[in-house]
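Asker: Quick one, structure for this:
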Amino acid sequence: MGFFDKLKSGLVKTRESFSDKVNSVFKVFVKVDEEFFDELEEALIMSDLGVETSTYIIEQLRETVKRKRISDAEDLKEELKKVISAILTANDCSMKLDTKPSVILVIGVNGVGKTTSIGKLAAHYKEQGKNVLLAAADTFRAAAIDQLYVWAKRSGCDIIKHQENSDPAAVIFDACKAAVARRSDILICDTAGRLHNKANLMAELNKIGRVIEREIPNADKEILIVLDAATGQNAISQAKMFAETTDITGIILTKLDGTAKGGVVVAISREQNIPVKFIGVGEGIDDLQEFNADDFAKALFAEV
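Answerer: All right, here's what the predicted structure looks like:
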């Protein structure tokens, strides 16, 4: 199955939810009027695009109606596709990993699929012929170290790990040294998924960041936050909270295949100005895919 077909099948629940709500508005209304816009805005909000993004989309459509003098509701469907596509393609979704080694720091709360995503990320780059090293710096959750070790074995990558409850920055220090010594292409670092104390989290991430800067100066660095698509608008809240503690460069959105809330991709892209870089569309090791905004927009509207 090609990427687009996999994406399309992974987005079945989201697309059905989205198209049911949006199509019902277009079926009821023949002409564009205030009531039509109110109903369409409500349908978009209910599709997990959120209030702010839905309001923005409606404003864009109102301007288009005036400019193009559109009166037929059906004609506005194409314009809706264009607006959503424009939101998704506004951010650069490509990964910047040109130095050797480059560093990917993965952050996010527990339970969103962070460690699993790292394992799949490692397999993704390993398949491209990259020499990947993993760092198990989530030392506060015993299972995280073991889980990452299993993924390292599965993907054929080396791993740097310490004992449970050891200093995460010490793990990163050893991993940086090893990445340079082994001439690794990419170092992928797991981090603790705690949000209950923002000050501690900020201090820990800052310390890790300083170690990386000191040990691998001028390395290309991606800071990816893992968000669970099934949490809908909560995913946006998590992104906001982490963005206050560190400079996030991209998002890994997991569990898209199991939820009807995939519309949150549009809201995140618009409201957080952080590009979605990877999406999870299945449970297989190769089901973490690089995000392609055009393909996502097409898949979202495949049956609309």
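
Asker: Surely residue 289 forms part of a strand?
Answerer: Yes: the assignment for residue 289 by DSSP: H, G, I helix; E, B strand; the rest coil puts it in a strand.

Asker: On the strand side of things, show who it bridges to.
Answerer: Per DSSP bridges, residues listed as beta-bridge partners of residue 289: residue 279.

Asker: tally of neighbours for it?
Answerer: For residue 289, the neighbour count with other C-beta atoms under 10 Å is 20. No exception for glycine: its C-beta is placed from N, CA and C like everyone else's.

Asker: likewise residue 70?
Answerer: Residue 70, neighbours per other C-beta under 10 Å, totals 17.

Asker: can you check residue 190 too?
Answerer: When neighbours are counted by other C-beta under 10 Å, residue 190 registers 31.

Asker: Chain neighbours aside, what residue packs nearest to residue 275?
Answerer: residue 91 (3.6 Å; C-beta to C-beta, 6 or more residues apart in numbering).

Asker: Give me the pLDDT for the one you found.
Answerer: Per-residue pLDDT puts residue 91 at 88.

Asker: Which of the helices or strands spans it?
Answerer: Per DSSP states H and E, residue 91 falls between elements, in no helix or strand.

Asker: Mind listing what's buried along the lowest-mean-pLDDT helix or strand in the chain?
Answerer: Across the helices and strands of the chain, mean pLDDT, DSSP states H and E gives its lowest value to helix 3-10, namely a mean of 73. Residues of helix 3-10 classed as buried by neighbour count (16 or more other C-beta atoms under 10 Å): 6-8, 10.

Asker: any chance of the residues you listed in TSV, plus distance to residue 277?
Answerer: Shown next, in TSV, are the buried residues of helix 3-10 (distance: C-beta to C-beta, whole Å):
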residue	distance to residue 277
6	17
7	15
8	20
10	16
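
Asker: ok, now how distant is residue 225 from residue 45?
Answerer: Distance of residue 225 to residue 45, given as C-beta to C-beta, to the nearest Å: 24 Å.

Asker: Return the alpha-carbon coordinates of the least confident helix or strand of the chain using PDB.
Answerer: The C-alpha coordinates for helix 3-10 follow below in PDB (Å, rounded to 0.1, in the frame of the first residue of the first chain):
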ATOM      1  CA  PHE A   3       1.800   6.300   1.400                       C
ATOM      2  CA  PHE A   4      -1.300   8.100   0.100                       C
ATOM      3  CA  ASP A   5      -3.500   4.900   0.300                       C
ATOM      4  CA  LYS A   6      -2.200   4.200   3.800                       C
ATOM      5  CA  LEU A   7      -2.900   7.800   4.800                       C
ATOM      6  CA  LYS A   8      -6.400   7.600   3.200                       C
ATOM      7  CA  SER A   9      -7.300   4.400   5.100                       C
ATOM      8  CA  GLY A  10      -5.700   5.800   8.300                       C
END
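
Asker: contact partners of that helix?
Answerer: Residues outside helix 3-10 that contact it (C-beta atoms under 8 Å, 6 or more residues apart in numbering): 1, 15, 256-257, 279, 281-282, 287, 289, 292, 295-296, 298-299, 302.

Asker: buried sites along the next helix or strand after that helix?
Answerer: With elements assigned by DSSP H and E, the helix or strand that comes after helix 3-10 is helix 12-28. Under the neighbour-count criterion of 16+ other C-beta under 10 Å, helix 12-28 has 13-15, 17-19, 21-22, 25-26 buried.

Asker: Would you mind checking the average pLDDT for helix 12-28?
Answerer: pLDDT averaged over helix 12-28 gives 84.

Asker: picking that back up, just the angle between the least confident helix or strand of the chain and helix 12-28, please?
Answerer: Interaxial angle of helix 3-10 relative to helix 12-28 (axes from the mean of the first three to the mean of the last three C-alpha atoms, to 10 degrees): 80 degrees.

Asker: Please compute how far helix 3-10 lies from its chain's middle.
Answerer: Centre-to-centre, helix 3-10 and its host chain are 16 Å apart (C-alpha atoms, centre = their mean, to the nearest Å).

Asker: Please apply the same query to stretch 78-98.
Answerer: With C-alpha atoms, centre = their mean as the basis, stretch 78-98 stands 13 Å off its chain's centre.

Asker: Now do it: distance from first to last residue.
Answerer: End-to-end distance for stretch 78-98, by C-alpha to C-alpha, to the nearest Å: 38 Å.
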